[in-house]
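[1] Based on what follows, work out the 3D shape:
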Amino acid sequence: MSDSMIPLDLAGSIVTMAVIAVDLVAVTQALSGSFARRLVIAAVGGGWVGLAVLLGASGRLAFSPNLPAPLIGVLFAVPLLTAGVLALTSEKVRATLLGIPPQLLVGLNAMRILGVLFLLDFIAGSLSGPFPFFAGLGDMITGALAIPLALSIARSKEPSVRTIAGWNAFGTLDLVVAVGLGITSAAGSPLQLIHAGVGSQAMQYLPLSLVPTVLVPFYLLTHAIVAAQLRVRSRAVHTTLTASSAQ
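    Next up, the predicted model:
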C-alpha cells in the first residue's frame, strides 16, 4: 500500500463505521417493542459488523478457488435471506418492519451521497473500470434525492406513490448494478468478465469490504421495506375506494 493511500483508507474507515453506527442506532431506536428487545437486535447487528470486520481484516473475504462459496458473498446474502424468511413467516416481524417510519428509511439513504469515496478511490488507483463510476454516481444521486424526499414525507406533504416508487426503484437498481459490476470486475472472482486493471479487488478488503457485507444488504432491505409499505398503502387506498363506490 502506498503512502498516498493511507489517508484515504483511514477516511474510508472512519466514514464507513460512522455510517454503519448511525444506521444501526437509528433503526433499532425506531423499532417497536421493549428496550430489551431492541438491545438484542442492536447486539446482533453489532456482532454481524464485528464478524465482517474480523473476516475483512484477516483477508478471508478475498475470492479463493479453495472456497466452495466466497465468504464475501455469504455475508452479503445471509442478512437478506434471513430478513426475507422472517418477514414471510412471522406476522410480528412483518408488522415491525412495516412500522418503521418511511421518512427514516428514505432519510438514511441520504448518507449514500458519500459514494463520492468510490470516485476518490478511482483517482487514487485502488479501483478501476466501470464499477467505481456506476457505484459512486448512482449512490450520490440516490442520496441527494433522498434528502428532499425524506423531508417531504416527514412534513406530511405526502409525495405521490409514483415519486417514492421511482426513487426506490432507482436506488435499488443502483445497488444491483453495483453488485453485478463488483462481482464481474473482481480479480479472482469465478464470474469475472471485466478485466480493467485492479477492478473492484479493493472491495474484498477493509475498509471497502464493509460495503458489500454490511451497507449494501442494509440499504437493499430499506428499499424492500419501502416497497412493501407502498404496496400496503396502495391496497388501503384501493379498499377505501371500493368501499366508497359500493355505498
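[2] all helices of this structure, in order?
    Assigned by DSSP state H, the chain shows helices spanning 5-30, 35-57, 71-89, 91-98, 102-108, 116-124, 131-154, 161-184, 210, 216-246.
[3] Please identify the most buried of those helices.
    Across the helices of the chain, averaging neighbours per residue (mean count of other CB atoms under 10 Å) puts helix 210 on top, at a mean of 23. From N, CA and C alone the C-beta is placed, and that goes for glycine too.
[4] What is it packed up against?
    helix 5-30, helix 35-57 (3 or more CB pairs under 8 Å, 6 or more residues apart in numbering; DSSP states H and E).
[5] Tabulate the ones you listed (a markdown table), appending distance to residue 208 and mean pLDDT.
    Formatted as a markdown table, those follow (distance: least, CB to CB, whole Å; pLDDT from 0 to 100):
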| stretch | distance to residue 208 | mean pLDDT |
| --- | --- | --- |
| helix 5-30 | 7 | 90 |
| helix 35-57 | 9 | 94 |
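[6] Figure out which of those is closest to residue 101.
    helix 5-30 (6.1 Å; CB to CB).
[7] Measure how the closest one sits relative to helix 116-124, angle-wise.
    Helix 5-30 runs at 170 degrees relative to helix 116-124, counting by axes from the mean of the first three to the mean of the last three CA atoms, to 10 degrees.
[8] quick revisit: including distance to residue 223, could the helices and strands packed on helix 210 go into CSV?
    What follows is the helices and strands packed on helix 210, written out as CSV (distance: least, CB to CB, whole Å):
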stretch, distance to residue 223
helix 5-30, 13
helix 35-57, 18
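[9] Tell me how far residue 66 lies from residue 75.
    17 Å (CB to CB, to the nearest Å).
[10] do residue 169 as well
    25 Å.
[11] repeat for residue 186
    15 Å.
[12] What of residue 152?
    Separation of residue 152 from residue 75 (CB to CB): 34 Å.
[13] For residue 199, find the nearest of the helices of the chain.
    Across the helices of the chain, closest to residue 199 is helix 131-154 (CB to CB), at 6.7 Å.
[14] mean confidence for the closest one?
    For helix 131-154, mean pLDDT rounds to 96.
[15] if we can go back for a sec, could the helices of the chain go into CSV alongside distance to residue 202?
    Below are those laid out as CSV (distance: least, CB to CB, whole Å):
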stretch, distance to residue 202
helix 5-30, 9
helix 35-57, 11
helix 71-89, 12
helix 91-98, 33
helix 102-108, 25
helix 116-124, 7
helix 131-154, 9
helix 161-184, 10
helix 210, 12
helix 216-246, 15
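[16] out of those helices, nearest to residue 204?
    That would be, of the helices of the chain and by CB to CB, helix 71-89, which comes in at 6.0 Å.
[17] Fine by me, we can end here.
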